[in-house]
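A.B. asks: following is a predicted model, sequence given first.
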Amino acid sequence: MVINIDTEKCKNPQLAATAAGMVSEDYKERFIAEYVQLKNRYDGLSAMVFKWDCGKLPFTPTCPHETYDLQLRAMTDYLRILIIRAKIEGIVLP
């Protein structure tokens with residue numbers, strides 16, 4: 001399978017760069033891509049919530065703050081699980 005993505009034109013080039021890894025036959029490459037995607041999304045959501053807390057968010061979120069807090073907690077748990085698995089399985093994460 002060939003995936004051609006012009007990362008220069010993407011809103012999130014780092015996320016787009018992981019697309020090939022997500023369909024790799026090598027589970028370690030898929031695992032790393034999964035981690036990078038989750039970390040990227042976590043960082044983005046965390047930055048949004050921080051700006052909201054500082055009164056510098058240029059839009060009004062649809063969901064209540066608590067919903068985003070719950071999502072961040074779930075993402076944090078997921079990241080921790082992936083890090084633990086990576087150590088056990090000998091996968092080097094970026």
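C.D. replies: Structure received.

A.B. asks: only C-alpha atoms from now on, for both contacts and neighbour counts.
C.D. replies: Will do.

A.B. asks: distance check, the residue nearest in space to the middle of the chain against S46.
C.D. replies: The structure's the chain has its C-alpha centroid closest to L38; by CA atoms, centre = their mean the separation is 2.4 Å. Distance of L38 to S46, computed by CA to CA, to the nearest Å: 12 Å.

A.B. asks: surely I32 and L93 touch.
C.D. replies: Yes: using CA atoms under 8 Å, I32 is in contact with L93, at 6.2 Å.

A.B. asks: those two - which one has more neighbours?
C.D. replies: Shown here are I32 and L93; by other CA atoms under 10 Å, I32 has more neighbours (20 against 15).

A.B. asks: show the model's pLDDT score for that one.
C.D. replies: With respect to pLDDT, I32 scores 96.

A.B. asks: now the element after the strand or helix carrying it, going C-ward?
C.D. replies: Following DSSP states H and E, the helix or strand that holds I32 is helix 27-53. Sequence order places helix 65-89 as the next helix or strand after helix 27-53, per DSSP H and E.

A.B. asks: I'd like to know which elements that next one is packed against.
C.D. replies: Helices and strands touching helix 65-89, as assessed by 3 or more CA pairs under 8 Å, 6 or more residues apart in numbering; DSSP states H and E, comprise helix 27-53.

A.B. asks: and the helix it packs on, how far from the chain's centre?
C.D. replies: On the basis of CA atoms, centre = their mean, to the nearest Å, helix 27-53 sits 2 Å off its chain's mean C-alpha point.

A.B. asks: would you mind getting the angle between it and helix 65-89?
C.D. replies: For helix 27-53 against helix 65-89, the angle by axes from the mean of the first three to the mean of the last three CA atoms, to 10 degrees is 150 degrees.
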